[in-house]
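Asks: give me a 3D structure for the following:
(one chain, ligands or ions: 1)
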Amino acid sequence: MARIWIQDEQREITDVQEMSTFLAQFGIWYEKWPVEGRIGENATNEEILTAYAPEVKRLSERGGFVTADVIAVNPQTPNLDVMLAKFSKEHTHSEDEVRFTVKGGGIFHIHPANGPVFAVQVEAGDLINVPKDTQHWFDLCNDRQIRCIRLFQDPSGWTPHYVAESVHERYTPICFGPQYVTDRRTDSVVKL
Ligand SMILES: [Fe+2]
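Replies: Okay, here's the model as predicted:
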């Protein structure tokens, strides 16, 4: 279940329209794209890009994105912990970070200049665009896998600029849902 969790206010948002409205005030795009029947379980990266070509084209025209690729991260990924450590420290980019999740999930924490830190849990079907220069970080959920389409304005790709006065250690990346953890009151909550 996609959700927004505002830890400092102990507030949760799960309605898709409310999520979209909340995120829009920080310039973040959030959309639900259909996933059922769009791609097979073992679809190649090319098949995924073909299946979502109409949505990718629409988004590219809106945001000036020039390249798209598919990234897959899972427990078999070599040096997974090293890779995750790059994402999970507070950082910015000099271009938008656009991710459409095809499989698996994760949590983006956003640290806006004009509001509280909040977490956005994404799953298959979620499109999110974190605008350039927005302070954020990313963690996987406890199944440690995500497959997503990335769009880039700069063909050179993903470059993090780490934040000096970072706050990421104050926030726990907690994923909820049937495949993750359902009881947030117990120590069964998973911290990555
Ligand atoms: Fe990032």
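Asks: in what helix or strand does the nearest residue to Trp5 once chain neighbours are set aside lie?
Replies: Counting by C-beta to C-beta, 6 or more residues apart in numbering, Trp5 lies nearest to Ala119, which is 4.5 Å off, once chain neighbours are set aside. C-beta here means a position set from N, CA and C on the backbone, and glycine is covered the same way. Element membership for Ala119 (DSSP states H and E) is strand 118-123.
Asks: for the chain, which segments count as strands?
Replies: Ranges of strands within the chain are 3-6, 11-13, 29-32, 67-73, 91-92, 97-111, 118-123, 126-130, 135-140, 146-152, 161-162, based on DSSP state E.
Asks: would you reformat those strands as JSON lines and include mean pLDDT and mean neighbour count?
Replies: Converted to JSON lines, the strands of the chain look like this (pLDDT from 0 to 100; neighbours: other C-beta atoms under 10 Å):
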{"stretch": "strand 3-6", "mean pLDDT": "95", "mean neighbour count": "19"}
{"stretch": "strand 11-13", "mean pLDDT": "95", "mean neighbour count": "15"}
{"stretch": "strand 29-32", "mean pLDDT": "95", "mean neighbour count": "16"}
{"stretch": "strand 67-73", "mean pLDDT": "94", "mean neighbour count": "16"}
{"stretch": "strand 91-92", "mean pLDDT": "96", "mean neighbour count": "19"}
{"stretch": "strand 97-111", "mean pLDDT": "96", "mean neighbour count": "22"}
{"stretch": "strand 118-123", "mean pLDDT": "96", "mean neighbour count": "22"}
{"stretch": "strand 126-130", "mean pLDDT": "97", "mean neighbour count": "22"}
{"stretch": "strand 135-140", "mean pLDDT": "96", "mean neighbour count": "23"}
{"stretch": "strand 146-152", "mean pLDDT": "95", "mean neighbour count": "21"}
{"stretch": "strand 161-162", "mean pLDDT": "96", "mean neighbour count": "11"}
